[in-house]
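> here is my input; please provide its structure:
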Amino acid sequence: MSETVVTPPKTDKDPFPRSFWTANTTELFERGAYYAVASFIVLYLGRLGLGEYWPSTLNGLLWSLIYFLPILSGTIADVVGFRRSLILAFVLLAVGYFFMGYPVFIDGQTLLPKAGSDMTAGTGVIAPILIGIVLVGLGGSFVKPVISGTVQKTSGVRATLAFGIFYMVVNIGSLFGRGISYFVRTHFSLPYIFLVGVGCALLALVTVIGFYIDPDHVPGQAVVKKPRKSVAQILTDMVLVLKNKRFALFLLVSSGFFFLYAQVYNVLPLYLEKVVENDPPVDLYTMANPFVIVAFQLIVTHLFGGMKPIRSIVIGTIIIGLSMAINVIPVLTGHIRLDIMEILPLGSLMITLNVGLVALGELFTSARTYEYIGALAPKGREGLFLGYASLPMAIGALIGGPAGAAIFNEIMCANSTKDSATGLLNLDPTMATLGWLVLMGIGLLSALSMYLYNGWLRRLGEDV
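This next block holds a predicted model:
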């Protein structure tokens, strides 16, 4: 192994090295593991008896760990090496997903027919769930910086193609995970999706151990030892970044988009299960996200790639805000559970369109956010500031978990009654409409705030 070297492409015709393809394979398995469980975490925790607020709050905590901790884990990976970091990450992920299913697999807990309203879970349920969330958050936080770092180091002169392949693999993994989840869930039972997560994490671990080579060694070049940061230095950098008022304000303003993005895995599953249909295939409905990204990524890039980043971000945020409002249609018509061509209820069709539009908004927003931060950062500190580009996702998820549960339970479901025949909720049309409009309003307000923020920068003579 020590004699093997990694040779990045020097021309457009040179092939990518093995580490590039191994990294992408592990990314596929990691995304497969995550999205096998993502669409059902809130419903699973609700059926375990965690009540109306804890499922979404804990789901928000999981997302925030995954997107906040790379600030630390990326630095650790530079110190201990990418290969060791990936091995550690997939061990943590496998154990973490197992602990998520522990209450059912080991403790013998029985799931409720659907997410309940009362908090009935005891310490024997809550403790392993918390352990699982922390372990999955820690493990997942290593994967993104290490895999993207490997792609960067092994891409050579073909960086654009390399990251295009990487982004495609992410979405293929998302489809793969959701598809396997659907098969396992429908042939066995809901908790088995966590065994899918365990299995995917173990496949990634075997791939890393058997095939992954740390990309730092290039033939004919000495290994350059980069300066290592201590924890104190990391914390000092964090203070330096967050003391920058322009950047700190941008993080808060842009978190509105990710607040709404988090509702795809908080409000939407609850709405489907409690209002639209019993045992909804949320994994299939949320496949609209990767499908739209794969189908429209090149088109959006070609047509709108020349647009200024801030305008693109504003448009993406408007799209995700308006996407929430289409769920008002079945509410106002009174046909939420009306079957469309005997395939799916109208409410489920609107949710699927909602998810697809969220993905379209993501195409306008996510990549351009990195571009905008790079331009916003002080000269010479672009890399430092870009390391914090995932903070809006962490902020949006952390706030979006409990806030999304409050919007659903206290507004959308206010004055609702239970249908005696189906067990589903009959919503008060006024309150249900208000709930969706509140979500839309958050998106539009976030877009307006971003527009005003950029106008403030222009007045300061800092047009980015």
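> any regions of the stretch 251-400 of the chain where pLDDT drops low?
382-383 (pLDDT under 70).
> please redo it, this time with the cut-off set to 90
Applying pLDDT under 90 to the stretch 251-400 of the chain flags residues 251, 294, 297-310, 340-343, 366-391.
> in this structure, which helix is the longest?
The residue-count maximum for a helix in the chain (DSSP state H) belongs to helix 123-155.
> list the buried ones in that helix?
Neighbour-count burial for helix 123-155 flags 125-126, 128-129, 131-151, 153-155 (criterion: 16 or more other Cβ atoms under 10 Å). All C-beta spots, glycine's among them, are computed from the backbone N, C-alpha and C.
> what's the following helix or strand after that helix?
helix 159-187 (DSSP states H and E).
> got a list of what Val264 touches?
For Val264, the contacting residues are Thr286, Asn289, Asn354, Val355, Val358, by Cβ atoms under 8 Å, 6 or more residues apart in numbering.
> could you do Pro55 as well?
Counted by Cβ under 8 Å, 6+ apart, Pro55 has contacts Ile41, Val42, Leu43, Tyr44, Leu45, Gly46, Ala115, Ala405.
> Gly60 is in contact with the first one, correct?
No. Between Ile41 and Gly60 no contact is recorded; they are 10.3 Å apart, counting by Cβ atoms under 8 Å.
> neighbour-wise, which one of the contacts of Val264 leads?
Thr286 (28 neighbours; other Cβ atoms under 10 Å).
> kindly state the domain boundaries assigned to this protein.
According to automatic domain parsing, the chain comprises the domains 11-215, 229-464.
> please enumerate the strands of the stretch 201-350 of the chain.
Along the stretch 201-350 of the chain, the stretches classed as strands by DSSP state E, counting those that start in this stretch are 339-340, 344-345.
> count the neighbours of the closest residue to Ala325 other than its chain neighbours for me.
Spatially, and ignoring its direct neighbours in sequence, Ala325 is nearest to Met440 (4.3 Å; Cβ to Cβ, 6 or more residues apart in numbering). Here the number of neighbours of Met440 (other Cβ under 10 Å) works out to 21.
> give the contact list for Met440.
Gly321, Leu322, Met324, Ala325 are the contacts of Met440 under Cβ under 8 Å, 6+ apart.
> can you check Leu363 too?
With Cβ under 8 Å, 6+ apart, Leu363 has these contacts: Val292, Ile293, Phe296, Gln297, Val300, Thr301, Gly316.
> rewinding a little: pick the most buried one from the domains of the chain.
domain 11-215 (a mean of 20; mean count of other Cβ atoms under 10 Å).
> just the contacts of Val264: which are in helices?
Asn289, Asn354, Val355, Val358.
> excluding residues flanking it in the chain, which one is nearest the residue nearest in space to the middle of the chain?
Nearest to the mean C-alpha position of the chain, by Cα atoms, centre = their mean, lies Trp63 at 6.7 Å. The shortest distance from Trp63 to any non-neighbouring residue, by Cβ to Cβ, 6+ apart, is to Ala397 (3.4 Å).
> thought that neighbour was touching Leu58?
No. Using Cβ under 8 Å as the test, Ala397 is too far from Leu58 to be in contact (11.1 Å).
> Cys304 contacts Gly316, correct?
For the record, residue 304 is Phe, not Cys. No. Using Cβ under 8 Å, Phe304 is not in contact with Gly316, being 9.9 Å away.
> report the set of residues contacting both of these two.
By the contact definition Cβ under 8 Å, 6+ apart, Phe304 and Gly316 are jointly contacted by Phe364.
> which residues does Val239 contact?
Going by Cβ under 8 Å, 6+ apart, the list of residues near Val239 is empty.
> closest to Gly374 among the contacts of Met440?
Gly321 (25.5 Å; Cβ to Cβ).
> contact partners for that closest one?
Leu260, Leu439, Met440, Gly441, Ile442, Gly443, Leu444, Ser446, Ala447.
> and with 7 Å instead?
Gly321 makes contact with Leu260, Met440, Ile442, Gly443, Leu444, Ala447, according to Cβ atoms under 7 Å, 6 or more residues apart in numbering.
> three-state assignment of the second one?
Following DSSP: H, G, I helix; E, B strand; the rest coil, Met440 is assigned to helix.
> contact partners for Thr22?
Thr207, Phe211, Tyr212.
> hmm, 8 Å instead?
Residues in contact with Thr22 (Cβ under 8 Å, 6+ apart) are Thr207, Val208, Phe211, Tyr212, Ile213.
> would JSON lines of those residues with pLDDT and distance to Val253 be doable?
Formatted as JSON lines, these follow (pLDDT from 0 to 100; distance: Cβ to Cβ, whole Å):
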{"residue": "Thr207", "pLDDT": "95", "distance to Val253": "39"}
{"residue": "Val208", "pLDDT": "95", "distance to Val253": "38"}
{"residue": "Phe211", "pLDDT": "91", "distance to Val253": "42"}
{"residue": "Tyr212", "pLDDT": "91", "distance to Val253": "38"}
{"residue": "Ile213", "pLDDT": "88", "distance to Val253": "41"}
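> which residues in the stretch 201-350 of the chain form helices?
Assigned by DSSP state H, counting those that start in this stretch, the stretch 201-350 of the chain shows helices spanning 231-243, 245-262, 267-271, 282-285, 288-304, 309-325, 328-333, 346-376.
> so which of the ones you listed gets nearest Tyr167?
Here helix 288-304 is closest among the helices of the stretch 201-350 of the chain (Cβ to Cβ), at 7.2 Å.
> where does the prediction get shaky in the stretch 101-250 of the chain?
113-118, 144-146, 148-168, 213-248.
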